[in-house]
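Visitor: give me a model of this one.
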Amino acid sequence: MQVNDYDGFGAAYSAENEVNLINAHYERPAMLDLAGDVRGRRILDAGCGSGPLAAELRARGAVVTGFDSSAVMVALAKERLGADADVLVADLAAPLPFADGGFDDVTASLVLHYLRDWSAPLSELHRVLRPGGRLVLSVNHPLLYKMLNPQADYFAVTEWTDEYTFSGQPAVLTYWHRPLHAMTDAFSDAGFQVAVVSEPPWSPDTPAELLPPGFEGRTSFVSFIFFVLIAS
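Guide: Numbers count the residues shown, from 1 in each chain. Down below sits the predicted model:
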């Protein structure tokens, strides 16, 4: 089975993303909380997928441009946002088709952990931000790989693969684990200052039936880590 095949399982992934715990009631609310008041802000949604975060940001008054490397996901985003939405196919691992300093904020939701090299992508995101602009991002928590693979070397940048089922469709995703210091070093090298590091709880309105057994009495779990970076 092809890995990271969002053109193949994009529709199934998008359908599950709408209602599940990990995206709909944890990651996306956390990204919106960190973005805060976005009225009138020009936001680039990097790796926008089928556009759920872009739709929420636009509903809150932002002027949103999105891109994704998957043509299927971009088509789904246009279905959600309208055919005239500013959404295009582009690859974060390549130079981006946007002007220098064209955005107040960039959101990158669960994108960077697919990439081995962060230096060029972060440099591009820094380039398209105005001075003082924000990069709000989420990635796999660096503890996650170690928890799933207890014998692994936490400090090694390592490729790893996991199997999923999205709305009944099997999928294989491959990620790059990196320790926390490697993340923050990459941010600094690209010209960003770390303003916020967040390990948020799931949304308080999460339906109880979505929580796994054993989560009673808890509000948080290790899954993703979130950052707000300032382009200096």
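Visitor: going forward, measure contacts between C-alpha atoms and count neighbours the same way
Guide: Fine.
Visitor: show me which residues of the helix or strand where residue 126 lies are buried.
Guide: Following DSSP states H and E, one finds residue 126 within helix 119-128. For helix 119-128, a neighbour-count test (16 or more other CA atoms under 10 Å) marks 119, 121-128 as buried.
Visitor: quick one: list the elements packing against that helix.
Guide: In terms of contacts (3 or more CA pairs under 8 Å, 6 or more residues apart in numbering; DSSP states H and E), helix 119-128 is packed against helix 180-189.
Visitor: still on that earlier bit, residues touching whatever helix or strand comes next after the helix holding residue 126, excluding its own?
Guide: Next along the chain after helix 119-128, taking DSSP H and E as the criterion, comes strand 129-140. For strand 129-140, the external contacting residues (CA atoms under 8 Å, 6 or more residues apart in numbering) are 27, 31, 34-35, 100-113, 125, 177, 223-232.
Visitor: filter those residues to the buried ones?
Guide: Using 16+ other CA under 10 Å, the buried members of the contacts of strand 129-140 are 27, 31, 34-35, 101, 103-113, 125, 177, 223-231.
Visitor: so which of these sit within helices?
Guide: Mapping the buried ones among the contacts of strand 129-140 onto helices (DSSP state H) picks out 31, 34-35, 125.
Visitor: let me have the residues you listed in a markdown table, extended by pLDDT.
Guide: Formatted as a markdown table, those follow (pLDDT from 0 to 100):
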| residue | pLDDT |
| --- | --- |
| 31 | 98 |
| 34 | 98 |
| 35 | 98 |
| 125 | 98 |
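Visitor: cool, thanks, signing off.
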